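Student: sequence and predicted structure, then a few things I'm wondering about:
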Amino acid sequence: MAERENIQSLLVRRKLTRAIADFLRAELTQHLTTLTPLFQPQTVLGDRIQGGPSDSIKRSELVMKEVQAAYDAIAPAKPFSLRRELTPPFEFPKASLELTPVEYTHAVQTGSSTKNIAVRCPLTWTLCYGGYALTRLQELLDPRVRGEQLQRFILSYLFMHQVVINQKGLQPILGALHFSITTIKLAQFGDLPITRIASRVTTARPTDAVVLESAELTGVDAFEEIVNVDDIGRLQDSLKERLLEIGRQQTPEFA
């Protein structure tokens, strides 16, 4: 974002960002409601989940091996330090999907000191099963909380990851709707795969001076990234582009 950015233009961009974020979140929520059956772990783990189908045995065996290997590497390690064996079939009732905006901490230098600002990315969300949000997982890292509940949270993220990489149609469908789905890792959760969904329209953080001025005006050490308006003009219809490509291949004079 340009250095000429000031607090006045920030207010205008923030209003636009919130309107776009509200619209896109509503659109994404509607899409995910339709796609929820495809995100259920039973679709790739079969009867390793209680009540799951017993067909596609070979694939479910391979997916279960992936889950087991990931769990064996992640659960005993920090920050979980959980030593509890897996005993399929797992009790994991069909669940809704939950979206939470991504947040991170940004350090702003203020003279000789540093101020930590909580920054939200309004067009990027963590995707998890309903009731398994990262904020709740963070609470379960308390050394006094161990056992079945923590194991279920770890498994919920492993299940989601396996669904995303094995349900081959999910990424193209979301891509056609101008959303991308990826897996990341966060330092506070070790090697646990975290699934994220982001709009093709991105956001960015302005200069530290603007971030700091905004925090001082609001009295809250928090900030929300601002939409990149140019991304809107770069959006493309994938079907249209593919059909045009086919047309050019088959008929050289095709416009």
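Tutor: Received the coordinates, thanks.

Student: can we go C-alpha only for contacts and neighbour counts from here?
Tutor: Will do.

Student: please, which helix or strand holds H106?
Tutor: strand 97-110 (DSSP states H and E).

Student: show me what counts as buried in that strand.
Tutor: The neighbour-count check on strand 97-110 (16 or more other C-alpha atoms under 10 Å) flags L97, E98, L99, T100, P101, V102, E103, H106, V108 as buried.

Student: same question, stretch 88-95
Tutor: Result for stretch 88-95 [16+ other C-alpha under 10 Å]: buried residues F90, F92, K94.

Student: show me the strands in this structure, by range?
Tutor: Assigned strands in the chain, in chain order: 97-110, 113-129, 179-184, 194-199, 203-204, 222-224, 226-227 (criterion: DSSP state E).

Student: show me what the fourth one is packed up against.
Tutor: Of the remaining helices and strands, those touching strand 194-199 by 3 or more C-alpha pairs under 8 Å, 6 or more residues apart in numbering; DSSP states H and E are strand 113-129, helix 148-166, strand 179-184.

Student: what angle do the second one and strand 179-184 make?
Tutor: Helix 148-166 and strand 179-184 meet at an angle of 130 degrees, taking axes from the mean of the first three to the mean of the last three C-alpha atoms, to 10 degrees as the criterion.

Student: ok, the first one next?
Tutor: On the basis of the same axes, to 10 degrees, strand 113-129 is oriented at 110 degrees to strand 179-184.

Student: now do strand 113-129: distance to the chain's middle.
Tutor: Remark: strand 113-129 is offset 12 Å from the chain centroid, using C-alpha atoms, centre = their mean, to the nearest Å.

Student: could you dump that strand to CSV, C-alpha only?
Tutor: The C-alpha trace of strand 113-129 is given here as CSV (Å, rounded to 0.1, in the frame of the first residue of the first chain):
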residue,chain,number,x,y,z
SER,A,113,9.8,0.5,22.2
THR,A,114,7.7,-2.0,20.3
LYS,A,115,3.9,-2.3,20.2
ASN,A,116,2.2,-5.6,19.3
ILE,A,117,-0.9,-5.1,17.1
ALA,A,118,-3.4,-7.9,16.5
VAL,A,119,-4.1,-7.8,12.8
ARG,A,120,-7.1,-9.5,11.2
CYS,A,121,-7.3,-10.7,7.6
PRO,A,122,-11.0,-10.3,6.8
LEU,A,123,-10.9,-12.3,3.5
THR,A,124,-8.9,-15.3,4.8
TRP,A,125,-10.5,-17.8,7.1
THR,A,126,-9.5,-20.9,9.1
LEU,A,127,-11.8,-23.7,8.1
CYS,A,128,-12.7,-26.4,10.7
TYR,A,129,-15.5,-28.6,11.8
